[in-house]
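The sequence and its predicted three-dimensional model are supplied below.
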Amino acid sequence: MPLAMATPGGELRLTAIRGGHCIRRRLADLGLNVGTLLHVVQYSGHGAVIIAVKGTRMAIGRGMAHHILVEPVI
């Protein structure tokens, strides 16, 4: 499912990044690669998705969040 559809709480694993080379490189520069574990801290359906990755919080725009595919970690 896209990151933009994830609910806050719980651990997620990044499974794929849809998009071109530029978006994949930008996310890799932020530390978001396939297999990375992350938590959605805040998302109200409008604006940015705030995530926590390795103890660091960052805001991902809603458009970019639709390109990031995640799955829940069981």
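Alright, I've got the coordinates. Numbers count the residues shown, from 1 in each chain.

Going along the chain, name the strands of the chain.
Ranges of strands within the chain are 11-17, 37-42, 49-53, 56-60, 68-72, based on DSSP state E.

So what's the gap between the second one and the chain middle?
Okay, so that is strand 37-42. Distance of strand 37-42 from the chain centroid (C-alpha atoms, centre = their mean, to the nearest Å) equals 7 Å.

Just want the angle from it to strand 11-17.
For strand 37-42 against strand 11-17, the angle by axes from the mean of the first three to the mean of the last three C-alpha atoms, to 10 degrees is 110 degrees.

residues making contact with strand 37-42?
3, 6-14, 32, 49-53, 57, 70, 73 (C-beta atoms under 8 Å, 6 or more residues apart in numbering). Yep, even glycine has a C-beta here, placed from its N, CA and C like the rest.

again, only using 7 Å
Here strand 37-42 makes contact (C-beta atoms under 7 Å, 6 or more residues apart in numbering) with 6-8, 11-14, 49-53, 57, 73.

and it, which strands flank it?
strand 11-17 (antiparallel), strand 49-53 (antiparallel) (DSSP bridges).

Out of these, which is closest to R24?
R24 sits nearest to strand 11-17 of all these, at 5.1 Å, using C-beta to C-beta.

what angle separates that closest one from strand 68-72?
Going by the same axes, to 10 degrees, strand 11-17 is angled at 140 degrees with respect to strand 68-72.

in strand 11-17, what counts as buried?
L12, L14, I17 (16 or more other C-beta atoms under 10 Å).

Make TSV from those and add pLDDT to it.
Shown next, in TSV, are these (pLDDT from 0 to 100):
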residue	pLDDT
L12	96
L14	97
I17	96
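
Quick one: buried ones out of the contacts of strand 37-42?
Going by neighbour count (16+ other C-beta under 10 Å), the contacts of strand 37-42 have A6, L12, L14, V49, I50, I51, V53 buried.
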